[in-house]
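Participant: here is my input; please provide its structure:
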Amino acid sequence: MTRMPTTRSLVLISALAAAGLDVPAASRAQAPRDSALVERYGATAQRLIAAATRDTSAWLRIAELTDRFGSRISGSASLEHALDWVLEQMRRDGLEAVRGEPAMVPHWVRGDESLELVEPRATRLPMLGLGRSIGTPPGGITAPVLVVSDSNELAARASEAKGKIVLFDAPYVSYGETVTYRVRGAVLASRAGAVAALLRSVSPFEMRQPHTGVTQYDSTARPIPFAAISIEDAMMLHRMQLRGQPVVVTLKMQARMLPDVPSRNVVAELRGSERPDEVVIVSGHLDSWDVGTGAMDDAGGFVAAWEALLVMKELGLRPRRTVRLVGWTNEEYGTRGGLAYRDAHASELGSHDVAIESDGGVFRPSGFGFTGSDSAFAIVRAVGRLLASMGADTVTAGGGGTDIEPIMARGVPGMSLNDDGRRYFWYHHSESDTVDKLDAREVAKCVAAMAVMAYVLADLPEQLPR
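Facilitator: Model (predicted):
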């Protein structure tokens, strides 16, 4: 049957049409024009874009944060010092309701580590232990290497794996597909009888530099040490094996898990003028891995959200709803910040209009991804057209982020800032994740995109329909 639009939908359709934004043809006749909204959203969007892109303040803030505190793995003093600094700066910025919201986080420590090729020649190979991996005995593990291209080859050659170190030389297809070897590789190798595992770094390109990331164990297999090596070295060891040469390495890792420690999500707000209890979240995570300085992943995303709030404040714009800035803790290997927020705000999630997360590198923005109802998607897509002047007006189905997944699971619509991430996985989780990889003009456009989207969604007459 034909579903009639709800009162809420009619109000939203009217507002969007009045702002000069497209609405579905079936609803167009029900969209009375209101020139005041055209003036408000069209002109205001351009003011936000102009203010956000007029200088390099966002890039400079990313540089200061990452230069000052370096890497910020959860459980570390550097992360907590960074959170203290961010809270102080947000208060100086004049933001409202600035606070830290507590979260207990896991504490994994890398310790000293090394990988030596013993045969067919002696040399040291660059490596990075994978997050949550256990360590080796103090003297390390010296064993032959069995190189496999994928899990099917490991299954076919399982009888050869016992007592060896299994190396997954899985070529990069996409992050979502190839990362399964990082997440599950230790379990797969252990089930086959391996004493340790190695991984070809999950990246499409590198210059002999390994990439870390989280791995997982489960009750079906004995935990074994697991580390990443460079693409070049994985391919080299594979060639050696194909020639029939014996490949032997010594792996040493002091990695260990320590007891959970207290941390915080950092929060600040621009309170809503009419409906302050209704919330639009703009966010990124402040923790990083313990290599590089986490500029791309994800100081840049958090700072873009931070600066978006400041642009609204600077222009004297106060939407109907509260825009809440969140800097998440422990995204990289636990999502404890997102889970703590869900639990602390459980009774308020019905008043959360949408949660936006930027965790993709703050390169040139192309638009947003959205997860929610079809009617809400149509509204968000229409709002996105306000960003056409800078080519960031594409809104695609499917969006969110690791930190906002816990509240999305409770019904809150989720969005991710989409950008030109072709180079993102070149540097991801490696020593090369530093601020020089980010272009100040592109960062500023990300600020503009988040500011326009968050402001307009926070100012619409009604919440997004769920």
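Participant: measure Ser283 to Gly337 for me?
Facilitator: Using CB to CB, to the nearest Å, Ser283 is found at 10 Å from Gly337. From N, CA and C alone the C-beta is placed, and that goes for glycine too.
Participant: common neighbours of the two, please.
Facilitator: Common contacts of Ser283 and Gly337, defined by CB atoms under 8 Å, 6 or more residues apart in numbering, comprise Trp328, Asp403.
Participant: quick one: the helices in the stretch 351-466 of the chain?
Facilitator: In the stretch 351-466 of the chain, the segments counted as helices under DSSP state H, counting those that start in this stretch are 374-384, 405-408, 424-427, 440-459.
Participant: now swap in the stretch 151-300 of the chain and tell me
Facilitator: Using DSSP H, counting those that start in this stretch, the helices found in the stretch 151-300 of the chain span residues 151-156, 158-161, 175-178, 180-191, 231-242, 300-314.
Participant: elements contacting the longest one?
Facilitator: It refers to helix 300-314. If you count contacts as 3 or more CB pairs under 8 Å, 6 or more residues apart in numbering; DSSP states H and E, helix 300-314 packs onto helix 44-52, helix 57-69, strand 256-270, strand 275-285, strand 321-328, helix 440-459.
Participant: which residues of the stretch 251-400 of the chain score low on pLDDT?
Facilitator: Along the stretch 251-400 of the chain, no part satisfies pLDDT under 70.
Participant: try the stretch 1-150 of the chain
Facilitator: By pLDDT under 70, the low-scoring segments of the stretch 1-150 of the chain are 1-39.
Participant: dig out what the closest residue to Gly401 other than its chain neighbours forms beta bridges with.
Facilitator: Among residues not flanking Gly401 along the chain, Glu357 sits closest, at 3.1 Å (CB to CB, 6 or more residues apart in numbering). Counting by DSSP bridges, Glu357 forms beta bridges with Ser283, Ser416.
Participant: can you pull the contacts of Glu357?
Facilitator: With contacts defined as CB under 8 Å, 6+ apart, the neighbours of Glu357 are 281, 283-284, 301, 400-404, 414-417.
Participant: from His429, how far out is it?
Facilitator: Counting by CB to CB - Glu357 and His429 are separated by 18 Å.
Participant: just Ala103 next, same as before
Facilitator: Using CB to CB, one obtains 22 Å as the distance from Ala103 to His429.
Participant: more neighbours: these two, which one.
Facilitator: His429 (29 against 24; other CB atoms under 10 Å).
Participant: pretty sure that one is touching Trp289, no?
Facilitator: Yes: shown here, His429 and Trp289 form a contact pair, counting by CB atoms under 8 Å, at 5.2 Å.
Participant: which neighbours do these two have in common?
Facilitator: By CB under 8 Å, 6+ apart, the residues touching both His429 and Trp289 are Thr212, Gly213, Asp297.
Participant: mean neighbour count added to the helices of the stretch 151-300 of the chain, as CSV?
Facilitator: CSV is the format used below for the helices of the stretch 151-300 of the chain (neighbours: other CB atoms under 10 Å):
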stretch, mean neighbour count
helix 151-156, 15
helix 158-161, 16
helix 175-178, 14
helix 180-191, 22
helix 231-242, 18
helix 300-314, 27
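Participant: for the ones you listed, which one sits closest to Ala344?
Facilitator: Nearest of those to Ala344, taken as CB to CB: helix 300-314 at 19.1 Å.
Participant: what angle separates the closest one from strand 321-328?
Facilitator: For helix 300-314 against strand 321-328, the angle by axes from the mean of the first three to the mean of the last three CA atoms, to 10 degrees is 150 degrees.
Participant: export helix 300-314 to CSV, keeping only CA atoms.
Facilitator: Output of helix 300-314 as CSV, limited to C-alpha atoms (Å, rounded to 0.1, in the frame of the first residue of the first chain):
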residue,chain,number,x,y,z
GLY,A,300,43.2,14.9,12.1
GLY,A,301,39.6,13.6,12.3
PHE,A,302,39.2,14.8,15.9
VAL,A,303,40.7,18.2,15.2
ALA,A,304,38.4,18.6,12.1
ALA,A,305,35.4,18.0,14.4
TRP,A,306,36.8,20.4,17.0
GLU,A,307,37.4,23.1,14.5
ALA,A,308,33.9,22.6,13.0
LEU,A,309,32.5,23.5,16.4
LEU,A,310,34.8,26.5,16.7
VAL,A,311,33.7,27.8,13.3
MET,A,312,30.1,27.8,14.4
LYS,A,313,31.0,29.6,17.6
GLU,A,314,33.1,32.2,15.8
